[in-house]
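# Pasting the sequence and the predicted model now:
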Amino acid sequence: MARTGPGSAAKRTLVWLGVVFALLALLLGGGSLWSTASWAPKLALDLEGGTQMILSPQVQGGGEEITPEQLDQAVEIIRQRVDGSGVAEAEISTQSGQNVIVALPGIPEPETRELIQASAQMEFRPVLFGGPGLAPAAETPTPEDQLPTPSAEPTDASDPNWITAELLQEFESTDCTSPEALQPAVEPAPADQPMIACEPDTQGKYILGPVEVRGTDIESADYGMARSAQGQTLNEWVVNIDFNDAGTETFRGVTERLFAIGSGDPRNQFAIVLDGVIVSAPTTNAVIPDGRPQISGSFTEESAAALAEQLKYGALPISFEIQSEQQISATLGADQLRLGLIAGVIGLVLVAVYSLFQYRMLGLVTIASLMVAGGLTYLAICILGWTENYRLSLAGVAGLIVAIGQTADSFIVYFERIRDELRDGRGLVSAVENGWRRAKRTVLASKAMNLLAAVVLYFVAVGNVRGFAFTLGLTAIADLVVVFLFTHPMMRLLAMTRFFGEGHRWSGLDPTRLGALPLYRGAGKVRHKPVERPAVELRGRNKAAGREAERRMTIAERRLAEQRKAAEEQKAEEQKTVGAQARGSKEGDNR
């Protein structure tokens, strides 16, 4: 029969914690062998240095001055592209209201540099021919087989007369399965002319008409679950677009024309094009008069979020050229990092000294828990640096130092609850279980407040402050994991040892030091509550225990003790009086 006692449950929990550590270590080790992961955390710009690029903005079409609003929008969009998560510690700012300065930690990847330079010209074009999944192949029908020869000037953007012989030849020679065809266009296609474009997801190719709606007409875009006409949530992810007034009016006319063409015809579709590459090519299922179209399809949450981000941040009205690029040194450097780590070590030593002074050998549990929390946080930081490009700045180091004290608070709350249970007359095993039930509510409430503060700080701040908030939230989660999977199971196991179970004077659970002298005598022995006695009647070691017990009395307990003391004194006086009377009566009889 399997054992289900506290000891076996604690051992299983510790095994699970070991499994978590092993999985994180294997993930990081595999990433370091077969990918770009490292066993050392990535450092931010202030500690490692990096690359600084000065970007020169250019308004689409030329001949127009850059407005401060456009430049601010450009800074925000570039920040979202380069450091959308806010943890890469990139610094993006304007210079003299004319240029944009982008400073990135380390040496940026070619993809990052292209992302910064991308002109981000988003356009809505009607589809003239093509469709999802239509890749070049020998048996693929061509427009020559299905479309008439141009015979007149096109009347609208969906008119097949836009397709010329040269365009047909370009369409037939385009291979949308090649990586080159899916790269952003260096030179944008003329807005008033048709073009050939590929869709990366389906490797399909399309002939598109002239631009009808520009990306700058998008006010916002988001994603979520679709809703029925009755307001019920459907199990389908959709992307929602909100146009401005000009875009709303234009898009209404476009959807009227496309909807009238009817489903089944490729010309019922419109393509969302970003830098010459099709982001999505949905069909038109209704006329959209309010400028709030909804794109549905076989979206997952990730793909819907990606499309919404492209729509929201892809409508940059300014293109950029890298005017200059140079390597910059760390703004703080290794000395500041070393001093920050020294400060962290000093804080850890002070917490350890306090724990040993206050809790004796029980303080070793605090020290071990801090080490486990530190190891878990370190692995998480390294993995996040690999997967999310998380960079550790000096502000993040400060967050780790602050977290030492917050983590120790959880253990202090737990230990004090155990001590309170011991003072109430419980044995150590029972005190650990009851103390944990009371302490975990306090710990959860405390960590919930820490997480809430970190989340709020993360979303309202930028730059290094976001790194500080991220680190603070990460350590709060690590603290919860350690308290539940290490500290409590260790206390369960220690409660069954002789050293702690019998309350050795150096265990930190000595009953005489807790003001509960006869409360327990070890596992398996009968326990009795002591008779309340005034502390002044105790001597030596018992005197200190009596003072501790008296100090921890509530007002009601203190009044009850005073009433009992008064009753005992009155009873003693009565007994003294009765004894004196009895002695007087006896002396009278003897005479």
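Perfect, I can see it now.
# how distant is the host helix or strand of Ile412 from the center of its chain?
According to DSSP states H and E, Ile412 maps onto helix 394-423. Distance of helix 394-423 from its chain centroid, counting by C-alpha atoms, centre = their mean, to the nearest Å, is 22 Å.
# what's that helix packed up against?
helix 334-359, helix 363-387, helix 428-460, helix 464-482, helix 488-495 (3 or more C-beta pairs under 8 Å, 6 or more residues apart in numbering; DSSP states H and E). No exception for glycine: its C-beta is placed from N, CA and C like everyone else's.
# So which of these is nearest Ser93?
helix 464-482 (13.4 Å; C-beta to C-beta).
# If you count contacts, what does the closest one end up packed against?
Using 3+ C-beta pairs under 8 Å, 6+ apart, helix 464-482 sits against helix 363-387, helix 394-423, helix 428-460.
# Please pull out the lowest mean pLDDT helix or strand from this protein.
helix 540-551 (a mean of 51; mean pLDDT, DSSP states H and E).
# in the stretch 151-300 of the chain, which spans are helices?
165-173, 245-261 (DSSP state H, counting those that start in this stretch).
# mind listing what Leu234 touches?
225-228 (C-beta atoms under 8 Å, 6 or more residues apart in numbering).
# The helices of the stretch 151-300 of the chain: lowest mean pLDDT?
Among the helices of the stretch 151-300 of the chain, helix 165-173 carries the lowest mean pLDDT, at a mean of 83.
# buried sites along that helix?
167-168, 171 (16 or more other C-beta atoms under 10 Å).
# which helices and strands does it pack with?
Using 3+ C-beta pairs under 8 Å, 6+ apart, helix 165-173 is in contact with helix 143-146, strand 195-199, strand 204-208.
# what lines up beside the second one in the sheet?
When you say that, I think you mean strand 195-199. strand 204-208 (antiparallel) (DSSP bridges).
# Could you check the angle the strand it pairs with makes with helix 165-173?
If you take axes from the mean of the first three to the mean of the last three C-alpha atoms, to 10 degrees, strand 204-208 sits at 170 degrees to helix 165-173.
# and Leu379, how many neighbours does it have?
Leu379 has 19 neighbouring residues, counting by other C-beta atoms under 10 Å.
# Look up the pLDDT of it for me, please.
What the model reports as pLDDT for Leu379 is 92.
# so how far is Ala403 from it?
15 Å (C-beta to C-beta, to the nearest Å).
# do the same with Leu457
14 Å.
# Which of the two has more residues huddled nearby?
Neighbours per residue (other C-beta under 10 Å) separate Leu457 from Ala403, with Ala403 holding more: 25 against 16.
# what's near enough to touch that one?
Counting by C-beta under 8 Å, 6+ apart, Ala403 has contacts 377, 471-472, 475-476, 479.
# Apply 7 Å and report the result again.
By C-beta atoms under 7 Å, 6 or more residues apart in numbering, the contact set of Ala403 is 472, 475.
# how far away is it from Ala25?
Taken as C-beta to C-beta, the span from Ala403 to Ala25 is 21 Å.
# backbone phi and psi for Pro194, please?
phi -70, psi 170 (degrees, to the nearest 10).
# Can you give me the neighbour number for the nearest residue to it once chain neighbours are set aside?
Once flanking residues are discounted, Pro194 sits nearest to Trp162: 4.4 Å by C-beta to C-beta, 6 or more residues apart in numbering. Other residues near Trp162 number 22, with proximity taken as other C-beta under 10 Å.
# Surely Trp162 touches Glu153?
No - here Trp162 lies out of contact with Glu153, judged by C-beta atoms under 7 Å, at a distance of 9.7 Å.
# For Gln52, find the nearest of the helices and strands packed on helix 165-173.
strand 195-199 (34.6 Å).
# who touches the closest one?
132, 170-171, 174, 176, 181-182, 189, 205-208, 271, 273, 276-278, 281.
# rewinding a little: buried residues in the helix holding Ile412?
Neighbour counts using 16+ other C-beta under 10 Å place 394-404, 407-423 of helix 394-423 among the buried residues.
# That one vs helix 334-359, what angle?
0 degrees.
# Now do helix 394-423, average pLDDT.
In this model, helix 394-423 has a mean pLDDT of 83.
# cool, and stretch 204-216?
Stretch 204-216 comes out at a mean pLDDT of 87.
# Now do that stretch: distance from first to last residue.
One end of stretch 204-216 to the other measures 26 Å (C-alpha to C-alpha, to the nearest Å).
# who touches the nearest residue to Ala461 once chain neighbours are set aside in this structure?
Computed as C-beta to C-beta, 6+ apart, the closest residue to Ala461 that is not its neighbour in sequence is Ala469, at 6.4 Å. By C-beta under 7 Å, 6+ apart, the contact set of Ala469 is 454, 457-458, 461.
# With respect to Leu307, which of those residues is nearest?
Looking across the contacts of Ala469 and measuring by C-beta to C-beta, the closest to Leu307 is Tyr458, at 24.6 Å.
# Could you find the closest non-adjacent residue to that closest one?
For Tyr458, the spatially nearest residue (C-beta to C-beta, 6+ apart) is Ala469, at 4.0 Å.
# What's the separation between the one you found and Asn389?
Taking C-beta to C-beta, one finds Ala469 at 17 Å from Asn389.
# what does Met195 give?
For Met195 relative to Asn389 (C-beta to C-beta), the value is 34 Å.
# Comparing the two, which residue is more hemmed in?
Met195 (24 against 21).
# hey, what's that one bridged with?
Applying DSSP bridges, one finds that Met195 bridges with Leu208.
# State the distance from it to Leu128.
10 Å.
# close enough to count as contact, Ala74 and Pro57?
Yes - Ala74 is within contact range of Pro57, at 6.3 Å (criterion: C-beta under 7 Å).
# okay, the two: which has more neighbours?
Ala74 (22 against 19).
# What helix or strand is that one located in?
Counting by DSSP H and E, Ala74 is part of helix 68-83.
# Which of the helices and strands packed on helix 464-482 sits closest to Ala246?
helix 428-460 (31.2 Å).
# Mind listing what's buried along the closest one?
Those would be 428-436, 439-440, 443, 446-447, 450-451, 454, 457-458, for helix 428-460 by 16+ other C-beta under 10 Å.
# before we move on, what about stretch 373-384?
So, applying 16+ other C-beta under 10 Å, buried residues of stretch 373-384: 373-374, 376-384.
# next one: stretch 280-292
By 16+ other C-beta under 10 Å, the buried positions in stretch 280-292 come out as 280-284, 288, 291.
# JSON lines please, covering those residues and showing pLDDT and distance to Ala305.
Formatted as JSON lines, the buried residues of stretch 280-292 follow (pLDDT from 0 to 100; distance: C-beta to C-beta, whole Å):
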{"residue": "Ser280", "pLDDT": "83", "distance to Ala305": "13"}
{"residue": "Ala281", "pLDDT": "85", "distance to Ala305": "19"}
{"residue": "Pro282", "pLDDT": "86", "distance to Ala305": "17"}
{"residue": "Thr283", "pLDDT": "87", "distance to Ala305": "22"}
{"residue": "Thr284", "pLDDT": "87", "distance to Ala305": "24"}
{"residue": "Ile288", "pLDDT": "88", "distance to Ala305": "22"}
{"residue": "Gly291", "pLDDT": "86", "distance to Ala305": "22"}
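# Isn't Gln323 up against Pro57?
No - between Gln323 and Pro57 there is no contact under C-beta under 7 Å: 9.9 Å.
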